[in-house]
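> just coords:
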């Protein structure tokens, strides 16, 4: 994997203690954009170039713009599916605290 300098979420500045209730990977989710991508290759190439690295936890994956779009679409669909499952009672009903 190539080292990239541009961190989208600036994860180094996130206090893990303050966000631990949001999930163990929350503070590590990030996208590190490449410093350089050939503009001609980006626009015209059939095999799109890698534009950066998607990070979750200790896992990193070099991704193209098409893959980033697919990740975003999948994440939105997953959130909607979870919200629907809760609304229809698939996971039961919440107890009073």
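Received, thanks. Just so you know, these numbers come straight off a predicted model, no measurement behind them.

> Tell me which strands the helix or strand of the chain with the lowest mean pLDDT pairs with, and in which orientation.
Every helix and strand of the chain was ranked by mean pLDDT, DSSP states H and E. The lowest is strand 6-7, at a mean of 76. The partner list of strand 6-7 in its sheet, established with DSSP bridges, is strand 30-33 (antiparallel).

> tell me which residues in the strand it pairs with are buried?
30, 31, 32 (16 or more other Cβ atoms under 10 Å). From N, CA and C alone the C-beta is placed, and that goes for glycine too.

> who touches the least confident helix or strand of the chain?
Strand 6-7 is touched from outside by 30, 31, 32, 33, 34, 35, 52, with contacts defined as Cβ atoms under 8 Å, 6 or more residues apart in numbering.

> Name the nearest of those residues relative to residue 22.
Distance from residue 22 was checked for each of the contacts of strand 6-7 by Cβ to Cβ. The minimum falls on residue 30, at 14.4 Å.

> The closest one touches residue 55, doesn't it?
Yes: look at residue 30 against residue 55 with Cβ atoms under 8 Å: they come within range, at 4.4 Å.

> Residue 97 and residue 26, how far apart?
When Cβ to Cβ, to the nearest Å is the yardstick, residue 97 and residue 26 sit 22 Å from each other.
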